[in-house]
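Q: Just a sequence and a predicted model for now, questions to come.
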Amino acid sequence: MWWTFKMAWRDSRGSRRRLLLFLSSMVLGVAALVAINSFGDNLRQAVDDEARTLLGADLSFEDDQPFSEEIEALIDSLGGEQSRRVSFASMVLFPKTDLARLATVRAIEGRYPYYGVVETTPPEAAARYLTEGGALVDKTLMQQAGAQVGDSIRIGGVTYRIAGQLEKTPRESSAMMLFSPRVYIPLARLDTTLLQRGSRAEYEVYFRFEDGRDAEALQEALRPRLREAGVGSDTVEEIKENWDEGLTNLYRFLSLVGFVALLLGGLGVASAVHVYVKQRIDTVAVLRCLGATSRRTFGVYLVQAAAMGLLGGGIGAVLGIGIQTLLPRVLGDFLPVDLAFRVSWPAVALGVGIGVGVTLLFALLPLLGVRNVSPLRALRAAYEERGGYRDPLRWVVFGLLAAGITTFAVVQAPRWIYGVWYAVGIAVVFGLLALTARAIMVLTRKFFPTSWPYTWRQGLANLYRPNNQTLILMLVLGLGTFLIMTLYLAQSTLLAQINVATEEGQPDLVLFDVQPDQVDGVVDSIRAQGVPVLDRVPIVTMRLQAVKGRTIAEMRADSTTRVSWAHRREYRSSYRGALTDAERLVAGRFTGSVPPGTAVAPVSLEQEIARDLEVGLGDTLVWDVQGVPITTVVGSIREVDWRRLSTNFFAVFPEGVLEQAPQFFVVLARTKTAERAAAVQSAVVQAYPNVSSIDLSLVMGVFDAIFSRVSFAIRFMALFSILTGIIVLAGAVVVSRFQRISESVLLKTLGASRRQVYRIMLVEYLFLGVFATLTGVVLAVGGSWALAVFVFEAPFQLPLWPLLGTLVTVTGLTIGIGLLNSRGVYDRPPLEVLRAETA
Amino acid sequence: MPLQQDEPRPGAPVLRVHRLTKTYASGARTLTVLRDVSFDVAEGETCAIVGPSGSGKTTLLGLCAGLDDPTDGSVELCGIDLGPLSEDARAEVRNRYVGFVFQTFQLIPTLTALENVMVPAELRGETGVLDHARALLEQVGLGDRLDHYPAQLSGGEQQRVALARAFINRPTILFADEPTGNLDDETGTAIERLIFDLNRAAGTTLVIVTHDLDLARRTGRIIRLKGGRVVSDEPTGVPGAVQDEPVEEGPVEEGPVEERSVAS
């Protein structure tokens, strides 16, 4: 055993710098894993530590209407310290700039949050706004409105002085703020007309128990009563679990992206070890001659590979810890808590362990050959190993690799099936790239352009000659290109989806919460700005009371019946005479109107909700329309294109049923420009403060921003793959340097000029770069087409210029690295090389 | 691993080759390299295997040393039948009883001269071989080049290191494959002298494969191969050993590294 270590050390002499290059291909992959996992551990720790600040209290109840008397009595009986909060979406108006925006208004009474703080500028504003009756306004919104502390903000009929700017609030990440900016006001000063029926609001009560009561147990005991009353409740533990789950999914997903870097690095190791072992075959043969068993010689190189993995893992871990400090900046917008820097030793151990494992597994493939080196080679330099012999252990190694990758993916993926798909996807992409490489070698040889100039023929022939780099460069460059381009194309497809909303004839301004008596006035004021009104859609809030003759309460009581969210949820339904162009009938007949007083009206259901409710054509549904039961029968089933940012509904009633029910309207308009949209919003909010509006181009901007941040995080992790690809590429070129030197020296001896020698190399790298990148691009186009069609269900976008740009950049990079590493090749003295050949 | 059932039989020839045949598949054809070759080599005997290129000399040497499996026939080395042994067991037999000198020296490029010499002993798990290795290197005239790497040594010097390595385990039999084939005449002569001298001192059985008849005639017996068959097996008249003067003290004069002779 000791001999094995001693020999491994001695044998590595003269190659240690090269070994360092091999291990550097592992470093970034390990760094990525350590960084993201250590970060993830920190995150979970922080969530655990600050769980109470995430809820801000020990227990909370929430309902979408004011609490019933019974629940109010329950709240009273629970005691402890209590705070109330009412949240709703509303337009807010900045009179100074006349800017109106939709915001989430939180009206607060009491000292909530009890744990954690609302961070404001100036800091004392967090406490002062309640006593002063002022408002706290989200930072981004302040910037958009050009508002400053001390200015005023109007919500409904009440104007508030802006007491401070909201920097950070418990339970809400910056990304949430982007979706809908927050405005905090004292509940006592709320314009209650904003909370009329039909407007959606969330009523919450927060408790703090000083007497050490167990909030979990209390919630458990109260659960049946709360559920009965349709009241939700949260405890610290629940919030913690929710965040834990979400954040774990986030960082695990990123860890899967980072893992690709490690796999690429593994390929680099395999290719480097392959060349290394080739150069060591004579040594192995001599050792075998001198009496070393195959196991001992194999051991020498296995020890070297393990040491390489360990060193690479160690360096990677250190680098990973460094990178970990960057991650809060990359993901900061999605985090609900502040992160303290802490090294997670389990993550370091995991990273180093996986690094060593991947190195060993990938090194094993070429190392297996060491076992079969014949001692005869020492006698005959030209002795050929048994041709076509495939070590059966190769399959064991392949199996271990597949099992290792799948296990890692399954453990990291949010759902095991995703992990399996990830592994399958990796295998398919690797397989296709390898297959393409093989095809290129075979086809180049078969259809060799014999009429090309000499240097071009030489360069092209290098693609299939012995010791070529086609396969490894194909895998590395192809995979890198594939990853980046798939991300890019998926993002383009998704963003193009939202752009559909800004197309001609589509609404770009949505006004909602318009009361029936306000509809005409709102429409008039929109038209007064010269903006066409596209539609006015009535919306009636309702819940299901009975499905197929059984009440929801009965179904809930029966443990054998499945009661889904579709049974319990609140529906916002509409009535109209025809289908819209976003709808398609899949079953039954759509009924546009019924005579007033029809006892059982035919209703049209969206197909997914019909499936959830387990109802089909002819089944009866009884709706509770704000206290009034309305019996319907499923008359038709529709497919709805939800991607249209227009008004779509699960249930559409015929005209003649809901006209008398409490309702509000959504008015759709097309403003075309941001200025006109702002003018309409401002005009409407001044006349009708309860009417909210959404400028869809702003929504698109927000979506774009969120998507950019998510894709930045993904790209950040993908960057490790790219960098690893470059290192492996450089490694492959360096490894083949000796062969290149001897080739070019031979050519030089035979009379080739410097220009010719370099042109041959340029042509080779040009072809390698173009072929590999092209394959990566084609795979990416195929992959994102599949994503678009099967996952996003969106028309596929194919931006040509970025694809072309990638092709040129990656090929240029390949040529650059190739030539940079080959510099000086021509200047080597021929004797030195010719001698080394025979020694 | 101790070779318990492979211990040599006392009194047996050191090398017994019996009806040895070796064929290779060459495409669809079968190529017979050795046919029905038999001979014994007694303890302390020196013998040369000669023949033109392609006569099967090196193949025979490889089979004798257990580097390859015969197609038919058997090889007994120090009384141990190599046939039933696995490749690893044969490696252990080599380590215990065999020394090797190659035409292309076959030093491990990453080890110093001293380390190269120690490899066979270290493989056996022997400790404290440093002094022995150093003494051997001094004996071959390289006492001042212990820490040089093969690339820093001339061809003759490399072959001296290889010789020292061959003797480190006090082998029963030494196989030399064209030991002077890659050296110029002067250096080759010096190496020849060293081989016979070390051999005589250690009482080692010597089998040399060569096409150099002058070298062959210095052994006690010449086995001629042609077309894979033994065409003659005769004593040279030299009584078991060479009639040469003892090796001179100090290194044999050779050209500097740059001018060393190499095979073309």
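A: Perfect, I can see it now. Numbering: from 1, shown residues only, chains lettered A, B, ... in the order given.
Q: how much space between the nearest residue to B:V230 once chain neighbours are set aside and B:T59?
A: Distances taken as CB to CB, 6 or more residues apart in numbering or on different chains place B:V37 nearest to B:V230, at 5.5 Å, with adjacent residues excluded. Glycine gets a C-beta too; all of them are placed from N, C-alpha and C. B:V37 is 10 Å from B:T59, where distance means CB to CB, to the nearest Å.
Q: now do A:E69
A: Counting by CB to CB - A:E69 and B:T59 are separated by 105 Å.
Q: Give the residue from the two that has the larger number of neighbours.
A: For A:E69 and B:T59, the more surrounded residue by other CB atoms under 10 Å in any protein chain shown is B:T59, and the numbers stand at 25 against 8.
Q: Test for you: state the pLDDT assigned to the more buried one.
A: pLDDT recorded at B:T59 is 89.
Q: cool, B:R134 as well?
A: Model confidence at B:R134 (pLDDT) stands at 94.
Q: helices and strands around the helix or strand where it lies, which ones?
A: Under the criterion of DSSP states H and E, B:R134 resides in helix B:130-139. For helix B:130-139, the packing partners by 3 or more CB pairs under 8 Å, 6 or more residues apart in numbering or on different chains; DSSP states H and E come out as helix B:113-123, helix B:155-167.
Q: quick check, distance from the last one to the centre of its chain.
A: Between the mean C-alpha point of helix B:155-167 and the mean C-alpha point of its chain there is a distance of 11 Å (CA atoms, centre = their mean, to the nearest Å).
Q: And the first one, by the same measure?
A: How far helix B:113-123 lies from its chain's middle: 16 Å, per CA atoms, centre = their mean.
Q: anything in that helix sitting right up against chain A?
A: Yes - using CB under 8 Å from any CB of the partner chain, helix B:113-123 comes into contact with chain A via B:115, B:119-120, B:122-123.
Q: Out of those residues, grab the one that's most surrounded.
A: That'd be B:P120 among the residues of helix B:113-123 next to chain A, by other CB under 10 Å, with 28 neighbours.
Q: Where do the strands of the stretch 651-800 of chain A begin and end?
A: Per DSSP state E, counting those that start in this stretch, the stretch 651-800 of chain A carries strands over the ranges A:651-653, A:664-669, A:692-695.
Q: so can I have a markdown table of those strands showing mean pLDDT, mean neighbour count and distance to A:G313?
A: As requested, the strands of the stretch 651-800 of chain A are exported to a markdown table (pLDDT from 0 to 100; neighbours: other CB atoms under 10 Å in any protein chain shown; distance: least, CB to CB, whole Å):
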| stretch | mean pLDDT | mean neighbour count | distance to A:G313 |
| --- | --- | --- | --- |
| strand A:651-653 | 94 | 26 | 58 |
| strand A:664-669 | 88 | 23 | 58 |
| strand A:692-695 | 80 | 23 | 51 |
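Q: so A:F712 touches A:V330, yeah?
A: Yes - using CB atoms under 8 Å, A:F712 is in contact with A:V330, at 6.6 Å.
Q: Minimum distance to chain B: which of the strands of the stretch 651-800 of chain A has it?
A: strand A:692-695 (71.3 Å; CB to the nearest CB).
Q: Throw the helices and strands packed on helix B:130-139 into a markdown table and include mean pLDDT, thanks.
A: Output for those, formatted as a markdown table (pLDDT from 0 to 100):
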| stretch | mean pLDDT |
| --- | --- |
| helix B:113-123 | 91 |
| helix B:155-167 | 92 |
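Q: Tell me which of these is the most buried.
A: Highest mean neighbour count of the helices and strands packed on helix B:130-139: helix B:155-167, a mean of 27 (counted as mean count of other CB atoms under 10 Å in any protein chain shown).
Q: Just the mean pLDDT for the following helix or strand past that one, thanks.
A: Counting by DSSP H and E, the next helix or strand C-terminal to helix B:155-167 is strand B:173-177. When pLDDT is averaged along strand B:173-177, the result is 93.
Q: again, but for stretch A:368-385
A: On average, stretch A:368-385 scores 76.
Q: What parts of the stretch 351-500 of chain A come near chain B?
A: Close to chain B, as judged by CB under 8 Å from any CB, the stretch 351-500 of chain A has residues A:374-376, A:378-381.
Q: Make CSV from the residues you listed and add neighbour count to it.
A: Shown next, in CSV, are these (neighbours: other CB atoms under 10 Å in any protein chain shown):
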residue, neighbour count
A:S374, 21
A:P375, 28
A:L376, 21
A:A378, 27
A:L379, 26
A:R380, 17
A:A381, 14
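Q: what's the closest of the residues of helix B:113-123 next to chain A to B:D214?
A: Of all the residues of helix B:113-123 next to chain A, B:P120 has the smallest distance to B:D214: 29.6 Å, by CB to CB.
Q: Next, work out how far apart B:D212 and B:R193 are.
A: Applying CB to CB, the value for B:D212 to B:R193 is 14 Å.
Q: pLDDT score for A:D41?
A: At A:D41, pLDDT is 84.
Q: ugh, wrong one, A:R835
A: So A:R835 comes in at 52 (pLDDT).
Q: List the contacts of the helix holding B:R134.
A: B:113-114, B:117-118, B:121, B:143, B:145-146, B:160-161, B:164, B:167-168, B:198 (CB atoms under 8 Å, 6 or more residues apart in numbering or on different chains).
Q: is it true that A:V667 touches A:V533?
A: Yes - counting by CB under 8 Å, A:V533 is a contact partner of A:V667 at 6.2 Å.
Q: Need the overlap of contacts for the two.
A: A:523, A:526.
Q: In space, what's closest to the residue of the stretch 51-200 of chain B found nearest chain A - neighbours in sequence excluded?
A: In the stretch 51-200 of chain B, the residue found nearest to chain A is B:N95; the distance is 2.2 Å by CB to the nearest CB. In space, and not counting its chain neighbours, B:N95 is closest to A:G291: 2.2 Å by CB to CB, 6+ apart.
Q: pLDDT at the one you found, what is it?
A: Reported pLDDT for A:G291: 88.
Q: do B:P251 as well
A: pLDDT recorded at B:P251 is 39.
Q: again, but for A:V777
A: Reading off the model, A:V777 has pLDDT 90.
Q: now the one 3 residues further on
A: Here the pLDDT value assigned to A:A780 is 88.
Q: Which stretches in the stretch 151-264 of chain B count as strands?
A: Going by DSSP E, counting those that start in this stretch, the stretch 151-264 of chain B shows strands at B:173-177, B:205-209, B:221-226, B:229-235.
Q: any idea of the angle the second one forms with strand B:221-226?
A: This points to strand B:205-209. Between the axis of strand B:205-209 and that of strand B:221-226 there is an angle of 30 degrees, by axes from the mean of the first three to the mean of the last three CA atoms, to 10 degrees.
Q: for the longest one, same thing?
A: Direction vectors for strand B:229-235 and strand B:221-226, defined by the same axes, to 10 degrees, enclose an angle of 160 degrees.
Q: Ranking the strands of the stretch 151-264 of chain B by mean neighbour count, which comes first?
A: strand B:205-209 (a mean of 26).
Q: so B:L111 sits right up against B:Y149, yeah?
A: Yes - B:L111 lies in contact with B:Y149 (CB under 8 Å); the separation is 7.5 Å.
Q: Looking at these two, which is more packed in?
A: B:L111 (21 against 18).
Q: ok, that one - contacts?
A: Residues in contact with B:L111, defined by CB under 8 Å, 6+ apart, are A:10-11, A:13, B:119, B:149-150.
Q: Any chance of those in CSV with secondary structure as columns?
A: Formatted as CSV, the contacts of B:L111 follow (DSSP: H, G, I helix; E, B strand; the rest coil):
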residue, secondary structure
A:R10, helix
A:D11, helix
A:R13, coil
B:V119, helix
B:Y149, coil
B:P150, helix
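Q: Out of these, show me where the pLDDT dips lowest.
A: Lowest pLDDT among the contacts of B:L111: A:R13, 84.
Q: ok, now how distant is the closest residue to that residue other than its chain neighbours from A:L376?
A: If the residues on either side of it in the chain are set aside, A:R13 comes closest to B:T110, at 4.4 Å by CB to CB, 6+ apart. Relative to A:L376, B:T110 is positioned 22 Å away (criterion: CB to CB).
Q: Mutual contacts of B:V37 and B:T59, please.
A: By CB under 8 Å, 6+ apart, B:V37 and B:T59 have no common neighbours.
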